[in-house]
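**Q** Provide a 3D model corresponding to the input given below.
(chains A and B)
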Amino acid sequence: MIDARIRKSFPAGRESHPFTLDLHIATAAGAAVLFGPSGAGKSLTLDAIAGFSRPDSGRILIDDVLLFDAAAQVNLPPRRRHCGYVFQSSALFPHLTLRQNLAFAALRLPRLERTRKVGEMLEQFHLAHAAGRKPSELSGGQRQRGSIARALLAQPRLLLLDEPSSGLDNLLREELYALLHEVRSTFRMPILLVTHDLDEAIALGDEMFVLNNGLLLQSGPPAAILDHPAGDEVATLLGRFNVLDAEIVAMDPGAGRSRLRCTPPGTVPFDIDAPYFPGHLLGARLRTAIRCDHLRLGPSSSAVPLRLQSLSHRAGSVRIEFSGGIFADVPERDFHSPPAGSPWLVQFPCESLRLLK
Amino acid sequence: MATDWFPLWLSLRVAGLSTLIALLVALWFAWLFSARTFRGKHLLDAVITLPLVLPPTVLGYYLLVLLGRHSPLGKLYEWVFGQPLVFTWQAAVVAALLHAAPLLVKFSTAALESVPRRYPKAARALGASEWRVFWQVTLPLAWNQILAATALAFARSLGDFGITIMVAGNIPGRTQTISVAIYDAVEAGRGDVARVLVLVISAVALVSLWLANRLGRVSLGKAV
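**A** From the prediction side, this is the model:
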């Protein structure tokens, strides 16, 4: 269990704006993810928990062990916090072999037991054949596995991972995810992971914390956040949402329907069907969001003609950008260009529309 | 006429000893400068660098004032070792130290600071004490650069003339180092002796520099 209330301010520097980290993270999840763009304060939060950065005020508790408390003047040094830290780029010591790297973490154990534990760990992480090599002679995947094995050997209370998949290709990334799932199930080790990759957050996180500019914007299971982003900032950060400003032009509370006139910047307004939003009157202005992979192409009674801006093919899907900043991700098999000369018809499914606060 | 090799051996001994002392001093200061923040850090840094820019005669004068027979430090030395420090070969070691130490402190600090932060950080997170972090992680990763600087410092301390002549004097067979001996030979019109000593000292310095370059090149090049 992690309960961290952290506040830390940085004055404006010569080339930096003032920055304040001010958040409260509490989770009992097996794997929690700090998600946000770079500069959101994710790594700083990790550093504060591990003891590398001292908050101005707050309190950090892990499993009822007090690591930091500004009021009580408790501030354990990093080496007494027992937080396994896995760095963005592997931080295996380059002058030691993999086996020596692992043994470094197990120094507290008596010699025989240390040798045995290190050997077991090398086996478990499929690294036994590479034990005698220096980190520069290991592959990226081996380095990453070695870093995690080393962190676990120090018997930490939890594992902190700072963008562990950056610099890994897709195959290694999948391998890492499988490994982290194994770490959770085999070692019963809680994980706190930092990422700016939403797929990674969904793949690994039981609970997700969305950070921006040093503040916590929303927390919850990743699927729930993806289904109901708390506000336009979260929706924008997730990178999967079209945020639409709209006005209620018609409503039918009886049928639970309403009609919105969307006014995206730089294009003509268009009307879409929407659910009935209780508490909002005719003429009210709303901010709504709809996931880009929920938009459909093709004719229907409610389809809206939009002007195409660009098309880009991805693995298994096509991203289509329209004027007004509206974008859609369509599975490759459902993708058909309209006949020459006709407009692109886009459907905004009513049930996918979310009202933002 | 046979060349007297005493000045060469004395110089090697003086340079070796002063480099060794300088290395120990430098490691401590380098750790202090790279790992700690404290009041007066920049002032201390400036004071340590000062010998690199001051004229040797000024440094010699300071040493005479500081270590002379009437100074407290000079008296202490005499009380411990039973003989004065000035005008002995040990004084030449102190003179050479003034060249070697600032150089080594500067280079060693830079070497320790060049070690990527994530390595000591990782070591601390793994439960290592500051002592272990320094000796087993930071220092080994900076070691080649520090050794390169040590070779450079050795070459530099071989060649002192000004400070040595002021605090150790020019006593043949006792305090006459190679650079002093060369000056002496030229003054006395013994060009052949001067020529041999000049060639020998140049060769020793060249080898030291070559070593420094080689060591400096391997350094962190293989780090990941």
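
**Q** Now the longest helix along chain B: buried residues?
**A** Longest helix in chain B by number of residues, with DSSP state H as the criterion: helix B:6-35. For helix B:6-35, a neighbour-count test (16 or more other C-beta atoms under 10 Å in any protein chain shown) marks B:7-8, B:10-11, B:14-15, B:17-19, B:21-23, B:25-27, B:29-34 as buried. (C-beta placed from N, C-alpha, C; glycine too.)

**Q** Kindly indicate whether B:Arg69 is helix, strand or coil.
**A** coil (DSSP: H, G, I helix; E, B strand; the rest coil).

**Q** dump the residue contacts of B:Leu50.
**A** B:Pro102 (C-beta atoms under 8 Å, 6 or more residues apart in numbering or on different chains).

**Q** correction: A:Leu345
**A** So A:Leu345 contacts A:Leu297, A:Gly298, A:Pro299, A:Ser300, A:Ala303, A:Val304, A:Pro305, A:Leu306, A:Pro338 (C-beta under 8 Å, 6+ apart).

**Q** Could you dump those residues into a markdown table and include distance to B:Gly169?
**A** A markdown table is the format used below for the contacts of A:Leu345 (distance: C-beta to C-beta, whole Å):
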| residue | distance to B:Gly169 |
| --- | --- |
| A:Leu297 | 96 |
| A:Gly298 | 101 |
| A:Pro299 | 105 |
| A:Ser300 | 104 |
| A:Ala303 | 101 |
| A:Val304 | 98 |
| A:Pro305 | 100 |
| A:Leu306 | 94 |
| A:Pro338 | 99 |
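
**Q** most surrounded residue in those?
**A** A:Leu306 (23 neighbours; other C-beta atoms under 10 Å in any protein chain shown).

**Q** how close does that residue sit to A:Ala328?
**A** 9 Å (C-beta to C-beta, to the nearest Å).

**Q** anything in contact with each of those two?
**A** A:Phe322, A:Val346.

**Q** Sitting in strands, which of the contacts of A:Leu345 do you find?
**A** A:Leu297, A:Val304, A:Pro305, A:Leu306 (DSSP state E).

**Q** Could you check which helix or strand contains B:Ile48?
**A** helix B:41-53 (DSSP states H and E).

**Q** Give the buried residues for that helix.
**A** Buried-residue list, helix B:41-53, by 16+ other C-beta under 10 Å: B:Asp45, B:Ile48, B:Pro51.

**Q** give me the number of residues near A:Leu311?
**A** For A:Leu311, the count of nearby residues is 11 (other C-beta under 10 Å).

**Q** just the CA coordinates of whichever helix or strand it is part of, formatted as CSV?
**A** In this assignment (DSSP H and E), A:Leu311 forms part of strand A:308-313. Only the C-alpha atoms of strand A:308-313 are listed here, as CSV (Å, rounded to 0.1, in the frame of the first residue of the first chain):
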residue,chain,number,x,y,z
LEU,A,308,-10.4,15.3,-45.0
GLN,A,309,-7.1,16.7,-43.8
SER,A,310,-4.8,13.7,-43.7
LEU,A,311,-4.6,9.9,-43.7
SER,A,312,-2.0,7.7,-42.0
HIS,A,313,-1.8,4.0,-41.9
